[in-house]
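Enquirer: Kindly return the folded structure for what I paste below:
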Amino acid sequence: MTVPNPSPSGPWPMIQRLGVSGLLVRFGDQFCEAANRAALAFRAGVEAAPLPGIIETAPSLVSVFLRVDPLPADLDVLEAELCDLLARADWYAAPLPPGRRLIRIPTAYGADMAPDLVEAAEAAGLSEAEAVAQLSTARLRVLSLGFGPGQPYLGELPEHWNLPRRTELTPHVPAGALVLAIRQCVLFSRPSPTGWRHVGQTAFLNFRPESAEPFALKPGDELQFPTADPDHVAHMIADPDCVDGGAEIEALP
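Expert: A predicted model of the protein is given here:
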């Protein structure tokens, strides 16, 4: 179902059924800031309503998945209610949801801890010092969580950071690795192979399975990665109680 309130780029937003227990509200067919903002704001709007039958919501880069209890819910009625909610606001220009935070995470750049920094800087047309200066001061929004548990996609960097993924995988980067490609960064939750460039290393753990809230970050949070001494970061990594990796957290208005 296409809602008669299209964005300039096409017939969006759009509601699609996924099996008998899912609805997908899409705000575009590719990433852009406005579509991501719309997805985050609309998810908050759904949760504030709330609409009968919806038992879980999950935003992606440009859409919101709604898991529905198929027994009491009438999907036709629910689609109509979602259409009504979509028509109440310009979600592409809506404010981001409340409760967001700015999180500054100490980061070691380059050398042995993050060996792809020099290559990434050269590909972006920068010196190593210029790359560190830009990456350490950039303020990146959590666009979505995915791929690994609680793992954030962060963006966007300036256009000169629109670097393609590598054609070959790096076999292993550790948890807390800051990697980049296609103007986005990812902060790894667990050791993993990757085709993205490993430019920084933190001691911050996104996934905390023993915690009451196992995902440390939420879509809409903003992150900065200020430069830290590599020895200090290594010391925090070795400390099992330092799950925040020295992060400083402040509430955003």
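
Enquirer: do you know how far Glu156 is from Leu169?
Expert: Glu156 sits 24 Å away from Leu169, going by CB to CB, to the nearest Å. C-beta here means a position set from N, CA and C on the backbone, and glycine is covered the same way.

Enquirer: So for these two, which residue has more residues nearby?
Expert: Glu156 (20 against 12; other CB atoms under 10 Å).

Enquirer: I'd assumed Glu33 was in contact with the more buried one.
Expert: Yes. If you go by CB atoms under 8 Å, Glu156 and Glu33 touch, sitting 7.0 Å apart.

Enquirer: quick one: low-confidence ranges for this structure?
Expert: Counting by pLDDT under 70, the chain shows low-confidence ranges at 1-10.

Enquirer: Show me it divided up by domain.
Expert: Domains of the chain are assigned by automatic domain parsing as 14-93, 101-251.

Enquirer: List phi and psi for Leu78.
Expert: Main-chain dihedrals, Leu78, degrees, to the nearest 10: phi -70, psi -40.

Enquirer: where do the strands sit along the stretch 151-253 of the chain?
Expert: In the stretch 151-253 of the chain, the strands defined using DSSP state E, counting those that start in this stretch lie at 152-155, 170-173, 177-181, 184-187, 192-194, 197-201, 222-224, 248-251.

Enquirer: mind checking which of those strands is nearest Val46?
Expert: strand 152-155 (21.0 Å; CB to CB).

Enquirer: List the buried residues for that closest one?
Expert: Across strand 152-155, burial judged by 16 or more other CB atoms under 10 Å covers 152-155.

Enquirer: want to try a markdown table for those residues, with distance to Glu119 as columns?
Expert: Converted to a markdown table, the buried residues of strand 152-155 look like this (distance: CB to CB, whole Å):
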| residue | distance to Glu119 |
| --- | --- |
| Pro152 | 23 |
| Tyr153 | 21 |
| Leu154 | 20 |
| Gly155 | 20 |
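
Enquirer: Just flag the most distant two among these.
Expert: Farthest apart among the buried residues of strand 152-155 - using CB to CB - are Pro152 and Gly155, which lie 9.7 Å from each other.

Enquirer: what is in contact with those two at once?
Expert: Listed as contacting both Pro152 and Gly155 by CB atoms under 8 Å, 6 or more residues apart in numbering are Leu143.
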